[in-house]
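>>> I need the structure of the sequence given here:
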Amino acid sequence: MRSTFKILFYLNTSKRKKSGVCPVMGRITVDGNIAQFSLKEDVHPDCWDAKKGRTRGKIREQTELNRKIEQTEQSIRNIYTKTVEKCGYVTAEQVKNELTGVTGKSDTLLKLFREHNEEYEKRVGIDRKHISYYNYVNTYNNLSSFIRSKYGQEDYPIKQLNITFINDFDFYLRVDAKFKTNSIQFHVINLKKIITRAINQGIISKNPFGDYVPPRTELKYFHISSEELTRIISTPVPEKPEKLQYVRDMFVFSCFTGLAYAEIRQLSGKHLRKTPDGKVWIDISRQKTGVECNIKLLQLPLSIIEKYRCERKGDLLFNLPTATTICYNLRKLEKLCDIKHLHFHMARHTFATVICLNNGVPLETISKMMGHSSIHTTQIYAEITSQKVGADMKKLAERTKGKHVIN
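From the prediction side, this is the model:
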């Protein structure tokens with residue numbers, strides 16, 4: 001749809017000076033929205049032609065002013081045309097800011113998103129995590145692809161955001177990008193944070209997320225069985241390549257401590273505490289929640305710490321490889337141990353279920369060791385084990401059906 005575009009030059013008679021002259025003003029109108037600016041020139045009303053938006057006189061000062069007005073008008077038209085060709089849309093405020101060289105508030109979505117990410121990156125290592133910055137960049141890239149695909153534009157005006165845009169973005173992530181529900185919610189939440197930024201900056205007043213209802217999904221926690229854990233521990237793992245054995249040991253260490261990848265990666269000597277009875281504990285705060293974990297080390301994780309003592313660099317207990325290397329070697333471990341699917345975070349869930357709950361450790365103790373901010377989070381694992389008991393009993397009922405009959 002073609003926008004309406006008008007340019008008008010006029011005198012601001014309400015600002016008449018003592019000498020009788022009035023400032024010359026410019027007005028840009030795009031789709032009914034107006035942006036005004038001063039030409040920084042003054043003219044007496046008797047010398048002004050309101051219909052033409054020019055001076056009437058022929059003296060040098062007046063002809064030069066007319067030339068300046070014509071050049072300004074041409075600059076406005078050029079800016080308007082260039083912006084429409086580049087972005088597919090334009091606002092009066094955009095044209096005015098480009099004309100006057102004033103950087104105003106970011107009135108487009110991706111521009112505001114970039115500003116957010118640039119600020120966020122500067123805080124990485126101070127009070128922000130690099131993984132969180134990466135997540136925002138990931139959302140930005142998906143949002144940019146969506147805008148190009150849906151609207152054929154390089155950006156989108158914030159003031160035109162509405163529930164339709166958000167639902168269309170949801171649909172794009174679900175159908176075109178083929179993301180799962182959890183990933184969709186993740187990207188939409190990041191978008192919502194940028195919208196909140198726009199509201200806080202006064203760019204928009206109404207929250208377009210007001211009528212958005214995200215699809216609900218149940219969080220699923222997967223863990224390996226006791227038999228599978230025994231298989232991982234007991235199956236001989238070749239020393240070459242070295243990473244495979246190392247990744248196996250780190251996975252087992254997580255199974256017996258409940259520490260996630262991020263905590264194991266930063267685990268150092270300062271996190272170890274030895275009690276008077278000779279027992280060793282880990283005291284570390286979870287990166288995700290900031291809640292402290294207190295974990296008593298069993299013999300197996302202690303032996304893993306000792307195994308890699310000579311390979312330490314600095315005070316860190318382990319030289320944990322990248323997440324990509326972890327995933328690559330877990331695929332190899334699956335085949336070696338005949339396990340269908342492994343991902344590193346399953347080890348943390350295995351600690352809660354197989355190591356703790358199945359051995360009678362109370363939920364309150366598990367919650368403290370895992371650094372949960374709420375006992376309700378820990379209770380999810382109790383539900384998992386209950387479901388497993390039900391599933392196992394169903395299998396048992398099917399296997400014994402008709403075998404034991406009392407006459």
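
>>> And the helices in this structure?
60-87, 92-100, 109-122, 130-151, 163-171, 181-200, 226-234, 242-255, 261-266, 299-307, 323-337, 346-350, 363-370, 375-400 (DSSP state H).

>>> out of these, nearest to S285?
Nearest to S285, of all those, is helix 261-266, at 8.4 Å by Cβ to Cβ. Every C-beta, even on glycine, is put in place using the N, C-alpha and C of the backbone.

>>> Just the buried positions in that closest one, please.
Y261, E263, I264, R265 (16 or more other Cβ atoms under 10 Å).

>>> Nearest to V24 among the helices of the chain would be which one?
Comparing the helices of the chain by Cβ to Cβ, helix 60-87 comes nearest, at 7.2 Å.

>>> now the angle from that closest one to helix 130-151?
100 degrees (axes from the mean of the first three to the mean of the last three Cα atoms, to 10 degrees).

>>> Packing partners of helix 60-87?
strand 5-11, strand 22-30, strand 33-43, strand 54-55, helix 92-100 (3 or more Cβ pairs under 8 Å, 6 or more residues apart in numbering; DSSP states H and E).

>>> hmm, back to that, which one of the helices of the chain lies nearest to Y212?
helix 163-171 (5.1 Å).

>>> G20 contacts D42, doesn't it?
No - under the criterion of Cβ atoms under 8 Å, G20 is not in contact with D42, lying 9.5 Å apart.

>>> quick one, which of these two is more surrounded?
Using other Cβ atoms under 10 Å, the more surrounded residue of G20 and D42 is D42, with 17 against 10.

>>> Now tell me which helix or strand of this structure has the poorest mean pLDDT.
Lowest on mean pLDDT, DSSP states H and E among the helices and strands of the chain sits helix 375-400, with a mean of 60.

>>> now the stretch 301-407 of the chain, which segments are flagged as low pLDDT?
Applying pLDDT under 70 to the stretch 301-407 of the chain picks out residues 373, 375-378, 380-407.

>>> Let me see the domain layout of this protein.
Following automatic domain parsing, one finds the domains of the chain at 5-100, 109-211, 226-397.

>>> Return the member of the ones you listed having the minimum mean pLDDT.
Mean pLDDT values for the domains of the chain show the minimum at domain 226-397, a mean of 84.

>>> Next, the contact list for T100, please.
Counting by Cβ atoms under 8 Å, 6 or more residues apart in numbering, T100 makes contact with F37.

>>> quick one: it and S14, what's the gap?
Remark: distance between T100 and S14 (Cβ to Cβ, to the nearest Å) = 21 Å.

>>> Give me the neighbour count for L259.
Neighbours of L259 (other Cβ under 10 Å): 28.

>>> shouldn't it be in contact with L267?
Yes - counting by Cβ under 8 Å, L259 touches L267, with 7.0 Å between them.

>>> list residues touching both of the two?
Common neighbours of L259 and L267 (Cβ under 8 Å, 6+ apart) are I282, I284.

>>> Quickly note the distance from the nearest residue to A92 once chain neighbours are set aside to I76.
With Cβ to Cβ, 6 or more residues apart in numbering as the criterion, A92 has its nearest non-adjacent residue at 3.8 Å, and that residue is A35. A35 sits 10 Å away from I76, taking Cβ to Cβ as the criterion.

>>> Which single one of the buried residues of helix 261-266 is nearest to L342?
Among these, Y261 lies closest to L342 (Cβ to Cβ), at 13.2 Å.

>>> ok, the closest one touching M346?
No - Y261 is beyond contact range of M346, at 11.4 Å (criterion: Cβ under 8 Å).

>>> ok, now which ones touch R231?
C337, D338, I339.

>>> Tell me the buried residues within those residues.
For those, buried by 16+ other Cβ under 10 Å: C337, I339.

>>> in stretch 239-259, what's buried?
244-259.

>>> again, but for stretch 153-166
Those would be D155, Y156, P157, I158, K159, Q160, L161, F165, I166, for stretch 153-166 by 16+ other Cβ under 10 Å.

>>> Was I right to think the third one contacts E93?
No - P157 is not in contact with E93 according to Cβ under 8 Å; the separation is 10.1 Å.

>>> Name the residues contacting each of the two.
D107.

>>> Pretty sure S226 sits against L357.
No - counting by Cβ under 8 Å, S226 does not reach L357; the two are 11.4 Å apart.

>>> Could you pull up the contacting residues of the nearest residue to V84 once chain neighbours are set aside?
Nearest residue to V84, sequence neighbours excluded (Cβ to Cβ, 6+ apart): V90, at 5.1 Å. V90 makes contact with S3, V30, Y80, T83, V84, according to Cβ under 8 Å, 6+ apart.

>>> before we move on, what about V137?
When contacts are taken as Cβ under 8 Å, 6+ apart, V137 is in contact with N117.
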